[in-house]
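**Student:** need a structure here:
(chains A and B)
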Amino acid sequence: MELTKKDVDYVASLARLEFEEKEKENLVKQLGSILGYIDKIKEVDTSTIAPTSHGGTSENVWREDVVVKSSQETIDALFKNAPEQDGDFFKVKKVMELED
Amino acid sequence: MNNKYEVIIGLEVHSQIKTKTKIFCNCSTDFHSQPNTNICPVCTGQPGVLPVLNKHAVELIVRTGLALDCTINKKSVFARKQYFYPDLPKNYQISQYELPFCEHGKINITVDGKTKSIGITRIHLEEDAGKLIHDIGSRQLDYSLADYNRTGVPLMEIVSEPDMRSPQEAAAYLESLKNLIEYVEASDCNMEEGKFRCDANISIRPFGQKEFGTKAELKNMNSISGVQEALSYEVERQIEIVESGGRVIQETRTWDPNEKVTKSMRSKENAHDYRYFPDPDLVPVNLDDEFIDNIKKNIPELPEARKARLINDLGLSEYDTNIIISDKALADYYETALNTANKGAKEPAAAAKTVANWIITELLGKLNNSKLTIKESPISPENIGKLVILISKGTISGKIAKTIFEDMFKDNKDPEVIVKEKGLVQISDAGEIVKVCQEAIDENAKIVADYKSGKKSAIGALVGAVMKKSKGKANPQMVNKTLTELLNK
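**Tutor:** Numbering: from 1, shown residues only, chains lettered A, B, ... in the order given. Presented below is the predicted three-dimensional model:
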């Protein structure tokens, strides 16, 4: 599959990343070669094999429904990891806008 | 409304699954906690943490799927749905894409006496996002405040087929679905607390056209009546566009309950490319027959079964039964009241009907006037049962019972206590009744003359006089009988 600069721009926008023109040219080449490798893998006939969703063989890893409260220390640490705090809340940028 | 266009509606319901803990961590799902107290490294998406599935959430979604006649997929996997939004600290939501737990179900709805089956496409398990606050009181903030207590609370997303043809059908579907989920005790379905939320896809097409029209997705409806209002508005809006030669565009619109209009929603996150892929942190679920059979065996009684039981075992009318089973809380209330009444009743069959009458005609009417739900009823079901015992024993008359009922509605006082305190015990003493009846006859010569001249209905006025003299406490049947005897002597 041929990768273009447009594809790189699109993936970058989805990941919220910005690149210089030169970096983009480099990424076209690098991502292109990864996709080329996947094209190679695709040559194997897998029509009789069920899709794999996970590398391991374990199943049904689950837990009982019992509450364990986080300590105040843990909660404080979670707030420390966030860019901004306002009282009991995490302070974040406003995203949604409505039509007037 | 219109006879040119067919309305096509499909609904997506998010219902919060009733577990104690979140879907992938041990944090509490309590709705009333202080902001950001039910959070941990897993649900806030710290690097290197590992989610572990809550088994009970799986049990409850399978139970719901069985109640909705779904096929249960034994093998199920979780997927990551990627998007950037501040209510989602991981920047992806764990949901299901391929292989949801339940598929191909159905549910019956009734509109204007006609029953119709609505298809359920799928039910999948996913985690809820956090809550964002955009304003404090009337003050709009230029940033948002995030509370991650709700992040990771288990949700089931129930996707319907585009089978509904009117806003009324959509409302009926939501009522039926909500009631069924309450019956299987998989969710509280409290809409005010956001535990039962609905998004709607709606489009119109000229009758006879095969292809669907372009749909709009509606959000922010906080009640079933809100969904119906928003859909009705949207039908009009889309017809107006098409009639004036325009084209409906595919977009998300938000319902404004104050202005009663839908508004286009513009989002900075405009690339809806979710890049689903299987979550590598969560291994596949593979349910065995024993797991599913166990859930089947322990499924709570469903509305149809309860209806059959009330009609066949208790002899209730279909009309009364339909009202009672339409809300699980009401049906539970009824049966609790009946249990109490049966302990003191001579004939259980009679009590079944009397209890139903008191609840349907008296209690529901009063609750409705006070805008209360059955769960908020000031009168406990036990006290309704006791009231019925007092009537069936002849301690009080039906008329007095209504007065007592008014008092009970104020503060749920025990009816036996009210009867004692106010001295409302019915007079059934024959000597006492003869005395009062004779007084009434002596004092109402004209009415007595009317009666004797052949106007038999005049006796009603005499009964009224006796009741007035006895402050409503005389046993009405005995009064009637005694008056007839005295007048015909």
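**Student:** Check the gap between the spatially most central residue of chain A and chain B for me.
**Tutor:** Centroid-nearest residue in chain A: A:Ala15, 7.5 Å away (criterion: Cα atoms, centre = their mean). A:Ala15 sits 9 Å away from chain B, going by Cβ to the nearest Cβ, to the nearest Å. No exception for glycine: its C-beta is placed from N, CA and C like everyone else's.
**Student:** which intervals of chain A have sub-threshold pLDDT?
**Tutor:** Across chain A, the ranges flagged by pLDDT under 70 are A:1, A:96-100.
**Student:** I'd like the distance between the closest residue to B:Gly226 other than its chain neighbours and B:Val434.
**Tutor:** Sequence neighbours aside, B:Pro257 is the residue nearest to B:Gly226 in space, at 5.9 Å (criterion: Cβ to Cβ, 6 or more residues apart in numbering or on different chains). Separation of B:Pro257 from B:Val434 (Cβ to Cβ, to the nearest Å) stands at 64 Å.
**Student:** Same question for B:Glu259.
**Tutor:** From B:Glu259 to B:Val434 the distance is 69 Å (Cβ to Cβ).
**Student:** same deal with B:Ser428?
**Tutor:** Distance of B:Ser428 to B:Val434, computed by Cβ to Cβ: 12 Å.
**Student:** Kindly list the longest strand within chain A.
**Tutor:** Identified as the longest strand of chain A according to DSSP state E is strand A:89-93.
**Student:** How about residues contacting that one?
**Tutor:** A:79, A:82-85, B:35-36, B:86, B:132-133, B:143-148 (Cβ atoms under 8 Å, 6 or more residues apart in numbering or on different chains).
**Student:** Select from those residues every entry located in helices.
**Tutor:** Residues of the contacts of strand A:89-93 located in helices (DSSP state H): A:Phe79.
**Student:** Adjacent strands (with direction) for the longest strand seen in chain B?
**Tutor:** Counting residues, the longest strand found in chain B (DSSP E) is strand B:114-127. In the sheet, strand B:114-127 lines up against strand B:102-111 (antiparallel), strand B:154-160 (antiparallel) (DSSP bridges).
**Student:** Need those strands in CSV (columns: mean neighbour count and mean pLDDT).
**Tutor:** Shown next, in CSV, are the strands paired with strand B:114-127 (neighbours: other Cβ atoms under 10 Å in any protein chain shown; pLDDT from 0 to 100):
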stretch, mean neighbour count, mean pLDDT
strand B:102-111, 18, 94
strand B:154-160, 24, 97
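**Student:** Any chance of CSV for those, columns distance to B:Leu174?
**Tutor:** As requested, the strands paired with strand B:114-127 are arranged in CSV below (distance: least, Cβ to Cβ, whole Å):
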stretch, distance to B:Leu174
strand B:102-111, 9
strand B:154-160, 10
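**Student:** pLDDT weak spots in chain B?
**Tutor:** Scanning chain B for pLDDT under 70 picks out the ranges B:1-2, B:266-271, B:345-349.
**Student:** got a list of what B:Ile72 touches?
**Tutor:** Listed by Cβ under 8 Å, 6+ apart, the contact set of B:Ile72 reads B:Val62, B:Gly65, B:Leu66, B:Phe101, B:Cys102, B:Leu287, B:Ile292.
**Student:** ok, A:Leu3 to A:Lys42 distance?
**Tutor:** In terms of Cβ to Cβ, A:Leu3 sits 15 Å off from A:Lys42.
**Student:** where does whatever residue of the stretch 151-300 of chain B ends up closest to chain A fall, phi/psi-wise?
**Tutor:** Per Cβ to the nearest Cβ, B:Pro278 is where the stretch 151-300 of chain B lies closest to chain A, at 3.7 Å. Main-chain torsions, B:Pro278, degrees, to the nearest 10: phi -60, psi 130.
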